[in-house]
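Chemist: Have a look; sequence and predicted model below, questions after that.
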Amino acid sequence: MADKELDCRGLACPNPVLRTKAALEAGGVERITVLVDNAAARENVTRFLQRFGYRVSAMERDGIFSVLGSLADPEACVLAQPEAAGAAEAQQKILVLLATDRLGRGDDALGAKLVVNFLTTLKELGPELWRLLLVNAGVKLAVAGAEVLGVLQELEQSGVKILVCGTCLNHFQLLEQKRVGETTNMLDIVTSMQLADKVISLT
Amino acid sequence: METSDDAGVYRLNDQLALIQTLDFFTPIVNDPYDFGRIAAANALSDVYAMGGRPLTAMNIVCFPIRRMDKAILRDILRGGRDKVHEAGAVLVGGHSVDDLELKYGLSVTGVVSPGRVLTNRGARPGDRLLLTKPLGTGILATAVKAGLASPAAAQAAVDCMAELNRAAAEAMADYPVTACTDITGFGLLGHGLELAAGSGVRLRIEAGRVPLLPEVLDYASMGLVPAGSFANRNFCAERLRGSAAIDPLLLDLLADAQTSGGLLIAVPAAAAEALLDRLHRDGVSHAAIIGEVLERGSGMVELG
């Protein structure tokens, strides 16, 4: 069993996936780190590794994503089927609406610290955590340089869908800086709240 | 009369307008003959999308003459010629240059009655939307490149891309079609949004009814989504509604950049089923009604 590292910076899709595939074909790769420099490549490499039985996490620093895959079950090996959909269906769906980049009122510095703590702890909700909606100043948590960016990326990798309000990004002129989640609009936000079993709202 | 990026219409007289289009690209499949057929079907498609009939075509060739076997070029040109003939048009010449990277395409001249020029600007509330070819050529081409596509799926993609939009265009001529565009690099979502904006309407697309090439959802789940299709998805995100409620892999398919894609047709509801039947009868077997035109609006696409 070996660890591998691949530098796919500067490569457009599908090349990072092709390189990753070639690396895995050598066989016996237990852990692999793939460096890419664009969000499309991050998502594709993540999907590819997940599809072939790897647990995946990704980190971003200065526009470079490192996608780390580790073989969830070495026996499963290559060409494992994707996880059966439907297993999660029976659980309730918790949606967290974050309309601020501070938690609570009183002291802004404290509020900023608390929101970091809150998001770091949020994963304790387990698989019932379904979606995270970022609106108004909440979108500032999803942009380059945000302290919780890594935390949010980890949540996203673990399957939590993060929706970031496009109007809000636009308002703060942060459209280009967004580094995690999917840009969305009000109808999707409203629909998500309707579909959720429980909405936790922080404003 | 009309212009867009790669097609122009020029009115000659009250009965006749000239359509001129041009399109060429780098190989998207390995087989040279197939590449020639696909490039020609793609170039001819612009004429069909406007409701026209192609008359003449000229080859555009960039070929690395010192590095590549000339037999490859011969096969490409043979593929192109065969498609031009299938379209009932004549290949009248062409131009080639020595280039590092192989590229092939055609410039096509066609005719249309000036009163019957179809654009993406005429769709009206209540119209139904038809799509004549399945989606997924971008993702499938990527899967082929990765060596992960099954032979059957790869062949289905080649057949799809090499199919002329001729039968679809000829069927349209017999129905009160209000708008049409061909689906190419911006994907169904991108071209759908253009049609919505051009017509000043909103579109509703039933994602589950959109025809797809075989196995493409599977390839999307493996991360075989080309960069252009990702860019389409992000570019369209702001003007979509309901995207959060549909399968993200399906969304990738709707945004997938197509080569030589089908026609997206808007037609009044009363005529939609009849046009669909006609398309199926004429061999456009994947054609489907995929949605409808909603009220006047600012060019949104609603997904359901």
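Modeler: Good, I have the coordinates. Owing to the predicted nature of the structure, the values given are computational and were not obtained by experimental measurement.
Chemist: Show the contacting residues for the residue nearest to A:Asp7 when sequence neighbours are not counted.
Modeler: Counting by Cβ to Cβ, 6 or more residues apart in numbering or on different chains, A:Asp7 lies nearest to A:Leu35, which is 5.0 Å off, once chain neighbours are set aside. Yep, even glycine has a C-beta here, placed from its N, CA and C like the rest. Contacts for A:Leu35 (Cβ atoms under 8 Å, 6 or more residues apart in numbering or on different chains) come out as A:5-9, A:64-67.
Chemist: Okay, A:Leu35 and chain B: tell me how far apart.
Modeler: To chain B, A:Leu35 is 16 Å away according to Cβ to the nearest Cβ, to the nearest Å.
Chemist: mind giving me the domain ranges of chain B?
Modeler: Chain B breaks down by automatic domain parsing into domains covering B:2-116, B:127-303.
Chemist: mind checking which of those is nearest chain A?
Modeler: domain B:127-303 (3.5 Å; Cβ to the nearest Cβ).
Chemist: pLDDT of the closest one, averaged?
Modeler: Average pLDDT, domain B:127-303: 94.
Chemist: Check whether that domain comes near chain A.
Modeler: Yes - counting by Cβ under 8 Å from any Cβ of the partner chain, chain A has neighbours in domain B:127-303: B:142, B:145-148, B:220-227, B:230-231, B:234, B:237-238, B:240-245.
Chemist: Just the buried ones out of these, please.
Modeler: B:142, B:145-146, B:148, B:220-227, B:230-231, B:237-238, B:240-244 (16 or more other Cβ atoms under 10 Å in any protein chain shown).
Chemist: Just the ones in helices from those residues, please.
Modeler: B:142, B:145, B:220-221, B:227, B:230-231 (DSSP state H).
Chemist: Can you name the two of those residues that sit furthest apart?
Modeler: B:Ser221 and B:Ala231 (19.6 Å; Cβ to Cβ).
Chemist: Next, A:Thr183: phi, psi?
Modeler: Dihedral pair for A:Thr183: phi -70, psi 140, per degrees, to the nearest 10.
Chemist: How many neighbouring residues does it have?
Modeler: A:Thr183: 23 surrounding residues under other Cβ atoms under 10 Å in any protein chain shown.
Chemist: Next, the residue of chain B positioned farthest from its centre: secondary structure please.
Modeler: Within chain B, the residue lying farthest from the chain centre (Cα atoms, centre = their mean) is B:Arg66, at 33.3 Å. Following DSSP: H, G, I helix; E, B strand; the rest coil, B:Arg66 is assigned to coil.
Chemist: Now do the same contact list for it.
Modeler: B:Asp98.
Chemist: Check the gap between it and B:Gly192 for me.
Modeler: 44 Å (Cβ to Cβ, to the nearest Å).
Chemist: which residues touch stretch B:270-285?
Modeler: B:127-128, B:130, B:132-133, B:167-168, B:170-172, B:174-177, B:265, B:267, B:287-289.
Chemist: for the residue nearest to A:Asp7, which residues make a bridge with it?
Modeler: A:Asp7, A:Ser66 (DSSP bridges).
Chemist: just B:Tyr10 next, same as before
Modeler: With DSSP bridges as the rule, B:Tyr10 is bridged to B:Leu18.
Chemist: I figured it was touching B:Gln20, is that so?
Modeler: Yes - with contact defined as Cβ atoms under 8 Å, B:Tyr10 reaches B:Gln20; the gap is 7.3 Å.
Chemist: More neighbours: which of these two?
Modeler: Remark: of B:Tyr10 and B:Gln20, B:Gln20 carries more neighbours, 16 against 13, as counted by other Cβ under 10 Å.
Chemist: pretty sure the more buried one belongs to a strand, no?
Modeler: Yes - per three-state DSSP, B:Gln20 lies within a strand segment.
Chemist: so what's it up against?
Modeler: B:7-8, B:10, B:107-109.
Chemist: Identify, from the ones in helices among the buried ones among the residues of domain B:127-303 next to chain A, the entry nearest to A:Pro127.
Modeler: The closest of these, once distances to A:Pro127 are taken by Cβ to Cβ, is B:Ser221, at 19.3 Å.
Chemist: From chain B, how far out is the residue most central in space within chain A?
Modeler: Centroid-nearest residue in chain A, with Cα atoms, centre = their mean: A:Glu156, separated by 2.2 Å. Distance of A:Glu156 to chain B, computed by Cβ to the nearest Cβ: 12 Å.
Chemist: before we move on, what about A:Pro127?
Modeler: In terms of Cβ to the nearest Cβ, A:Pro127 sits 18 Å off from chain B.
Chemist: Dihedrals phi and psi, that residue?
Modeler: The phi/psi pair for A:Pro127 (degrees, to the nearest 10) reads phi -70, psi -10.
Chemist: Quick check, it in contact with A:Gln91.
Modeler: Yes - if you go by Cβ under 8 Å, A:Pro127 and A:Gln91 touch, sitting 6.0 Å apart.
Chemist: got the residues of chain A near chain B?
Modeler: So chain A meets chain B at A:12-14, A:17-18, A:21, A:38-41, A:43-49, A:51-52, A:82, A:131, A:161, A:163, A:166, A:182-185, A:187-188, A:191-192, A:195 (Cβ under 8 Å from any Cβ).
Chemist: Can you select the buried ones from those in PyMOL?
Modeler: Burial among the residues of chain A next to chain B is assessed by 16+ other Cβ under 10 Å; the matching PyMOL selection reads:
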select buried, chain A and resi 12+13+14+17+18+21+38+39+40+41+43+44+45+46+47+48+49+51+52+131+161+163+166+182+183+184+185+187+188+191+192
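Chemist: Domain-wise, how is chain A divided?
Modeler: A:2-71, A:94-202.
Chemist: B:Gly187 is nearest to which of the ones you listed?
Modeler: domain A:2-71 (14.1 Å).
Chemist: How far does the closest one stretch from one end to the other?
Modeler: 11 Å (Cα to Cα, to the nearest Å).
Chemist: Any idea how far it is from the middle of the chain?
Modeler: 15 Å (Cα atoms, centre = their mean, to the nearest Å).
Chemist: Quick one: list the elements packing against the least confident helix or strand in chain A by mean pLDDT.
Modeler: Between all helices and strands in chain A, the lowest mean by mean pLDDT, DSSP states H and E belongs to helix A:186-195, at a mean of 79. Packed against helix A:186-195 by the contact rule (3 or more Cβ pairs under 8 Å, 6 or more residues apart in numbering or on different chains; DSSP states H and E) you find strand A:94-98, strand A:129-134, strand A:161-165.
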